[in-house]
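Undergrad: structure for the following, please:
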Amino acid sequence: MNFSQKVISLVAKIQKGKVFTYKEIARRSGVPTAARAVGNILAKNKDLNIPCHRIIRSDFSIGGFRGQKGDSREKAALLLREGLIGIIPTDTIYGILGSALNKSAVEKIYKLRKRIFRKPMIVLISSQSELKKFGIKVNPWQRKILQKIWPGKVSVILNCPSKKFFYLHRGTKTLAFRIPSKKELLKILLITGPVVAPSANWEGFPFSKTIPQAKKYFGNKVFYLNKGKIISQPSTLINLTKNKFEIIRPGAVKINTLI
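TA: Numbers count the residues shown, from 1 in each chain. All right, here's what the predicted structure looks like:
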């Protein structure tokens, strides 16, 4: 078995929810210094059954995918869908993302962020129809407002009484959702489905504007999609659970532009 065959064989055996680095695959293939060669081999691979997306860089950044140069959003999306946690630029700031439909991923983010147990996280969705996945029924008054503010940098608190989603609403029986307008992020959401997306920092600490800042919080416990420095504000947060429009947190969108 030659070097290329060894690389493909090793990558084929990586289980869902796991990642290896290019360097580790090179070492296991018998040539520890051939990390770049591993990347070249995987870039040329045409077999979709080989999980090339489960190979990342030694600095835990995503790296290329299917011959693409630079960090790949598709690669990040596939890893999120498989239950991994990643630092990814949202439509506002860097967030720490995980599948909202994967209880283990959600609980891991609570631990990584040192987040208050009873404090729910914002969920990003790609369309209003995804609210049905959480058993949420939107009344005509709410729908009228949502149509005005989504997609956009506004997160909306809605009633979510289902016991099935206790791990998300933490007993509050409400959840905040947002449909981002950023096309790159929507492409990720179409692959991942709904994701929780709190800011990339520990509870009560400054949010990360860069990947190096995020790494000070999370180290090698997550993967990273680096898109440079982001200078923005968190989303504006409103409450629509009480049949009235209530601003909970001013943010990226001015209040007088919401309705």
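
Undergrad: going along the chain, name the strands of the chain.
TA: Shown for the chain, the strands assigned by DSSP state E span residues 20-21, 55-56, 86-89, 94-99, 123-124, 154-159, 174-178, 195-196, 223-224, 236-239, 246-249.

Undergrad: any stretches of the protein with poor pLDDT?
TA: Counting by pLDDT under 70, the chain has low-confidence residues at 255-259.

Undergrad: how about 50 then?
TA: Confidence mapping of the chain against pLDDT under 50 gives zero matching residues.

Undergrad: would you map the helices across it?
TA: In the chain, the segments counted as helices under DSSP state H are 3-12, 22-28, 35-44, 73-81, 103-113, 140-149, 166-169, 183-192, 211-218.

Undergrad: mind putting those into a markdown table with mean neighbour count and distance to Ser232?
TA: (Glycine included, C-beta is placed from N, CA and C.) As requested, these are arranged in a markdown table below (neighbours: other CB atoms under 10 Å; distance: least, CB to CB, whole Å):
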| stretch | mean neighbour count | distance to Ser232 |
| --- | --- | --- |
| helix 3-12 | 17 | 37 |
| helix 22-28 | 19 | 32 |
| helix 35-44 | 18 | 32 |
| helix 73-81 | 22 | 18 |
| helix 103-113 | 17 | 19 |
| helix 140-149 | 14 | 17 |
| helix 166-169 | 17 | 25 |
| helix 183-192 | 17 | 13 |
| helix 211-218 | 18 | 14 |
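
Undergrad: make a markdown table out of these and add distance to Asp59.
TA: As requested, the helices of the chain are exported to a markdown table (distance: least, CB to CB, whole Å):
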| stretch | distance to Asp59 |
| --- | --- |
| helix 3-12 | 19 |
| helix 22-28 | 10 |
| helix 35-44 | 12 |
| helix 73-81 | 15 |
| helix 103-113 | 18 |
| helix 140-149 | 37 |
| helix 166-169 | 31 |
| helix 183-192 | 21 |
| helix 211-218 | 8 |
